[in-house]
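# have a look at this prediction, sequence included:
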Amino acid sequence: MQKVRRSPFNLFAVHAILITYTAIALFPVVVILINSFKSRKAIFRDPLGLPDAESFSLVGYSTVFEQGDFFGYFQNSMIVTVGSLFFILLFGAMAAFALAEYRFRGNTLLGLYLALGIMIPIRIGTVAILELMVATGLVNTLTALILVYTAQGLPLAVFILTEFMRQVSDDLKNAGRVEGLSEYVIFFRLVLPIVRPALATVAVFNMITIWNDLWFPLILSPSEETKTLTLGSQVFIGQFVTDWNAVLSALSMAILPVLVLYVLFSRQLIRGITAGAVK
Amino acid sequence: MSSLRLINIDKSFGKTAVLKNINLEVEEGEFVVFVGPSGCGKSTMLRIIAGLEDATSGTIEIADQVVNDVPPAKRGIGMVFQSYALFPHLNVRDNLALGLKQSKEDKQLIDERVKESSRILHLDPYLERFPAQLSGGQRQRVAIGRAIARHPKLFLFDEPLSNLDAALRMSTRVEIANLHRQIDTTMIYVTHDQIEAMTLADRIVVLRDGVVEQVGTPMELYNNPVNQFVAGFLGLPSMNFLPAEQIGSKQGATAGIRPEHLVFGESGPIDATVVYVEQLGGDTNVIVKLAAGAELTARLFGQHKYSVGDKVKVAVDEDNIYLFDADGKRIR
């Protein structure tokens, strides 16, 4: 942990770049947030102005709560996102462990095959997926979405986790074997906690894509009971008239859960619980 | 009864042969050290004995039973790893007890065994701590304790001291030697450090490129190496090698002289010039260049005042010159 001496100029430049980037990234979010608290007129007259006593309005939020089943959509999004993440991490980590740990014929080929999905967008197969879901009677279920998102997330998960699993000390796994632990216990109790930062990374990547996706909910489960939040918000966007208050309010609320999940995972990114297992 | 028997062990990864036809028998209670440069296959050999790696061919017997198809946990071995490999989610007590719990031992027996290893390795103050709260030396003691607790028939050590600093390495070495005396179990120890090999071993197995070069007691190997590799590997500073004719010996052979066998004096058959001096306090290492061209390292006991450029006469007792042929084989 040697502290590197830096010139004040470098320090300033680094911060300037980071602050600029943060501002650019946060700008649209801030615009959505402040406008969600304004009346329709105020949104168009002064899109960047803060809500004041005159322009402050909660009409958007009340529309969202009155029209459609916002909490139902919310719950659907949550189930789909958490369910998909669970399966992506579980199966991704298991496949990665096998690829990293066991020597068998075709190991490299299998790894490449599993990683191939990174380069081929799953949306190309939408028609086939829809036919499959119709045939299996899974249309308009959340299961359909969870299955598709799991398939979509696995290639990158396997790819990233394999690399991390390779770095886990062989000694630790071998010590487990000598002491009589089963491969499952070695995987769940010894290896997974060590690759927790990698799991968190994979989770964050996938979480945002899944939460924001409009494509598959629209095609696979557009029924009222299975709408996700992103799809539910679309009712306010019409061909000719768009209820901007409601759209902005819905979007503002949709940010919250992702933010909470992100905070949870990013703590894992930082925590170094494994210090001391191996030197 | 033999504790470990390796019969015609071969091991290859793909097309690379790592171990070639290894045969070895270890008596009960013996301390055997595998030593060799990195990549010689010594760690692979240990892992094959442990069952963490399958031999490509050959038979492994532990306590007179063939264990080729027995999983590591059922082979009756205890293993200590270079990186300690303690289980990070368990405290010291549970680390010690885990193996016994896995083999479904009686609770009372587990308690006794944990107490016993804790006493032998002075771990009592740390039993409730987690590995992350221990220093390197303490961790390695816990790792050794974990191996002891299972009362193994065979102890395997995989470079257990390489991660420790010099002072701790010395004291842990003494502890391992004491441990062997106390519990009198067969120990197999892998290292690349010849000092560990010389001080701990009843017998040393020198490996090079997957082949056993020589097996014997430390002094047998030091005094009577079968080839140039073994001669050069053991001893510090290592043995000097030079064309034999430069010291008036057999034409075409390579002569080997241990640094402590070179004698400096007023009269001596070989003229040399001092090119470098290392004062170590207890010893003095002097590097001299012979008139004939070769450079030799001499180890003189005590402190000597030589400086670079001094002309010296060097003598060697004829009995202390080892001769090797072009293939490195010893000529007797």
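It's in.

# now the strands for chain A?
Secondary structure of chain A (DSSP state E): no strands located.

# spatially central residue in it, please.
By Cα atoms, centre = their mean, the mean C-alpha position of chain A lies nearest to A:Met207, the distance being 1.0 Å.

# quick check, it in contact with A:Met78.
No: the pair A:Met207 and A:Met78 does not pass the contact test of Cβ atoms under 8 Å, sitting 11.0 Å apart. Backbone N, C-alpha and C define where each C-beta goes, glycine included.

# and the helices in the stretch 51-200 of chain A?
Along the stretch 51-200 of chain A, the segments classed as helices by DSSP state H, counting those that start in this stretch run A:59-66, A:70-101, A:107-115, A:126-135, A:142-167, A:170-178, A:183-185, A:192-194, A:196-212.

# I'd like to know how many residues surround residue 167.
In the absence of a named chain, this looks at chain A. In terms of burial, A:Gln167 registers 10 neighbours under the definition other Cβ atoms under 10 Å in any protein chain shown.

# correction: the question concerned chain B.
Here the number of neighbours of B:Ala167 (other Cβ under 10 Å) works out to 9.

# how much space between it and B:Gly145?
Here B:Ala167 is placed at a distance of 21 Å from B:Gly145 (Cβ to Cβ, to the nearest Å).

# could you do B:Thr199 as well?
From B:Thr199 over to B:Gly145 the distance is 22 Å, taken as Cβ to Cβ.

# who's more crowded, those two?
In this view B:Thr199 and B:Gly145 are compared by other Cβ under 10 Å, and B:Gly145 has more residues nearby, 26 against 15.

# tell me how far stretch B:193-211 lies from the chain's centre.
Per Cα atoms, centre = their mean, to the nearest Å, the displacement of stretch B:193-211 from the mean C-alpha position of its chain is 4 Å.

# pLDDT (mean, whole number) over stretch B:98-117?
For stretch B:98-117, mean pLDDT rounds to 92.

# quick one: contacts of it?
Contacts of stretch B:98-117 from elsewhere in the structure, counted by Cβ atoms under 8 Å, 6 or more residues apart in numbering or on different chains, are A:178-181, B:73, B:87, B:90, B:93, B:96-97, B:123, B:127, B:145-146, B:148-151.

# what about these, which are in helices?
Among these, DSSP state H puts A:178, B:93, B:96-97, B:145-146, B:148-149 in helices.

# show me which residues of the stretch 51-200 of chain A are close to chain B?
A:169, A:171-172, A:174-181, A:189-190, A:193-194 (Cβ under 8 Å from any Cβ of the partner chain).

# Three-state assignment for B:Glu278, please.
State at B:Glu278, reduced to three classes by DSSP: H, G, I helix; E, B strand; the rest coil: strand.

# quick one: neighbours of it, just the number.
Counted with other Cβ under 10 Å, B:Glu278 comes out at 12.

# check contacts around it.
Residues counted as contacts of B:Glu278 (Cβ under 8 Å, 6+ apart) are B:284-287.

# how near is the closest residue to chain A within the stretch 101-250 of chain B to A:Val178?
With Cβ to the nearest Cβ as the measure, B:Ala132 is the residue of the stretch 101-250 of chain B nearest to chain A, at 2.9 Å. Distance, B:Ala132 to A:Val178, by Cβ to Cβ: 22 Å.

# now B:Tyr306
B:Tyr306 sits 53 Å away from A:Val178, taking Cβ to Cβ as the criterion.

# ok, the two, which is more surrounded?
With neighbours defined as other Cβ under 10 Å, B:Tyr306 and A:Val178 compare such that A:Val178 has more, 27 against 17.

# from what I can see the more buried one touches B:Arg47, true?
No: A:Val178 is beyond contact range of B:Arg47, at 10.3 Å (criterion: Cβ under 8 Å).

# outside of the top helix by length along chain B itself, list whatever touches it.
The residue-count maximum for a helix in chain B (DSSP H) belongs to helix B:166-183. Here helix B:166-183 makes contact (Cβ under 8 Å, 6+ apart) with B:31, B:120-121, B:136-137, B:140-141, B:144, B:148, B:157, B:160-161, B:164, B:187, B:189, B:196, B:199-200.

# contacting chain A as well, which ones from these?
Checking the contacts of helix B:166-183 against chain A by Cβ under 8 Å from any Cβ, the ones in range are B:Gly136.

# mind listing which of the contacts of helix B:166-183 are in helices?
Applying DSSP H to the contacts of helix B:166-183, the entries found in helices are B:120, B:136-137, B:140-141, B:144, B:148, B:196, B:199-200.

# pretty sure A:Val80 contacts A:Leu229?
No: when contacts are counted by Cβ under 8 Å, A:Val80 is not listed as touching A:Leu229 (9.7 Å).

# quick one: name the residues of chain B near chain A.
Applying Cβ under 8 Å from any Cβ, one finds that chain B approaches chain A through B:47, B:50-52, B:71-74, B:77-79, B:81-89, B:98-99, B:102-103, B:130-134, B:136, B:139, B:143, B:146, B:150, B:158, B:163.

# just the buried subset of those, please.
Burial by neighbour count, judged by 16 or more other Cβ atoms under 10 Å in any protein chain shown, picks out B:47, B:50-52, B:72-73, B:77-79, B:81-88, B:98-99, B:102, B:130-131, B:134, B:139, B:143, B:146, B:150, B:158, B:163 from the residues of chain B next to chain A.
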